[in-house]
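can't give you the sequence, but here's the structure:
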């Protein structure tokens, strides 16, 4: 078949392919490849041209351990870190401003308003609390936020938002309203206990129309303030209102 292919010009010559390949490599100044005949096949080893490879490396700027590249990488890393810090500070600032507008806001509320995930919101809230900038009063669901008087975090990275007089007055009014509501609820709990000293948390929750969680929170504050105490346990005991 090889002879016939040569006769009809499908192949130029027969039996000279390896010879011609080696000649072509040598004409370009390259080391001729090495051919190894194996059972059922032919393995070819083509040697790397070091000069050509170096030229390509230079063109592609992939020289290893170059001082300029190292400096560029360090500069890029520092820039990336500064950008990340600025973004974190801006997000924390926006959370502080949102809390200032709505002290009753939950994590879900803040997440929706700022367009960030609840997980990110929780992370920033935790950092703001750790830095002493904010605190939550009376629990997650029915409580409210207080922005402390600190002008900045301990490392000076996040400032408490500056507010005009109208914003400050609005925030103070909202906080006073929340405090009055909490005082009224506590007073209603004391009155309910006075009517029924054997009342459980569940009983008080149903009577006052508030959640058991809120009831427990107010009970804890009343006990902490020395206004009430529970005698003989939760289930079979009773409440005692302490005279002030």
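The structure has been received and is ready for your questions. Being a predicted model, the structure only gives us computed values, none of them experimental.

only C-alpha atoms for contact and neighbour calcs from this point on.
OK.

which residues of this protein fall in strands?
Using DSSP state E, the strands of the chain run over 34-38, 41-45, 134-137, 144-147, 228-231, 238-241.

hey, which of these is tucked in deepest?
Mean neighbour count (mean count of other Cα atoms under 10 Å) peaks for strand 144-147 among the strands of the chain, with a mean of 20.

buried stuff in the longest helix seen in the chain?
When the chain is parsed with DSSP state H, its longest helix is helix 67-101. Buried residues in helix 67-101, counted by 16 or more other Cα atoms under 10 Å: 88, 89, 91, 92, 93, 94, 95, 96, 97, 98, 99, 100.

any idea of the mean pLDDT for stretch 183-203?
Averaged across stretch 183-203, the pLDDT comes to 90.

Check what contacts that stretch and list those residues.
For stretch 183-203, the external contacting residues (Cα atoms under 8 Å, 6 or more residues apart in numbering) are 204, 208, 212, 215-216, 218-219, 222, 234-241.

at 7 Å what do you get?
Residues outside stretch 183-203 that contact it (Cα atoms under 7 Å, 6 or more residues apart in numbering): 212, 215, 216, 218, 234, 237, 238, 239, 240.

Stretch 110-123 too?
Here stretch 110-123 makes contact (Cα under 7 Å, 6+ apart) with 95, 98, 107, 108.

Closest one to residue 124 out of those, please.
Closest approach between these and residue 124, by Cα to Cα: residue 95, at 8.1 Å.

ok, and the closest non-adjacent residue to the closest one?
Leaving out its chain neighbours, the residue that sits closest to residue 95 by Cα to Cα, 6 or more residues apart in numbering is residue 110, at 7.0 Å.

and that neighbour, what pLDDT?
Reported pLDDT at residue 110 in the predicted model: 89.
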